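Asker: coords below, sequence missing:
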């Protein structure tokens, strides 16, 4: 079994110039955790995810690597967080891409699952080795459906 066996060959994708607001709408509407971003040639550039949205929502002081160990004193309301995210809504997603390890269509399924585990991610982009084109995506749900289907 390989990544090709497990992958969704037609995942939802966005372009680098699409906005954060568009990505947030897709994520919410389709209950996604990761959205692959591809250029006009289908080349995989990175992933915009729920973690990107969290990063855009939280105050910078909370996100600083060398900053605060305890943020319990930061008191913000949902409206403050929503305002901060809304203010970033027109930014292009290319500014907030995450880079994850990718699989190739012939990557063994076991390696794909290890990429998920070690990368602490619920999906792995499947990318053509030569062209860099996104061929599909393997999500935790794809793996689980396949495994449970084998036991039926």
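Answerer: Yep, that arrived. None of the values given here were measured: they were computed from a predicted structure.
Asker: Closest to the centroid, which residue in the protein?
Answerer: Centroid-nearest residue in the chain, with Cα atoms, centre = their mean: residue 34, separated by 2.5 Å.
Asker: Hmm, that one is touching residue 138, no?
Answerer: No - in this structure, residue 34 is not within contact of residue 138 by Cβ atoms under 8 Å, at 10.9 Å. (Each C-beta comes from the backbone N, C-alpha and C, glycine too.)
Asker: Touching both of the two, which residues are there?
Answerer: Here residue 34 and residue 138 have residue 123 as joint contacts, going by Cβ atoms under 8 Å, 6 or more residues apart in numbering.
Asker: picking up where we left off before, contacting residues for the residue nearest to the centre of the chain?
Answerer: Residue 34 touches 47-50, 121-123, 137, 139, counting by Cβ under 8 Å, 6+ apart.
Asker: Just want the phi and psi numbers for it.
Answerer: phi -140, psi 140 (degrees, to the nearest 10).
Asker: and the gap between it and residue 93?
Answerer: Applying Cβ to Cβ, to the nearest Å, the value for residue 34 to residue 93 is 12 Å.
Asker: what touches both of the two?
Answerer: With Cβ under 8 Å, 6+ apart, residue 34 and residue 93 have common neighbours residue 48.
Asker: Any regions of this protein where pLDDT drops low?
Answerer: For the chain, the stretches with pLDDT under 70 are 61, 63-68, 70-74, 150-152.
Asker: ok, which stretches of it are strands?
Answerer: Taking DSSP state E, the strands of the chain run over residues 34-38, 44-49, 123-127, 134-139.
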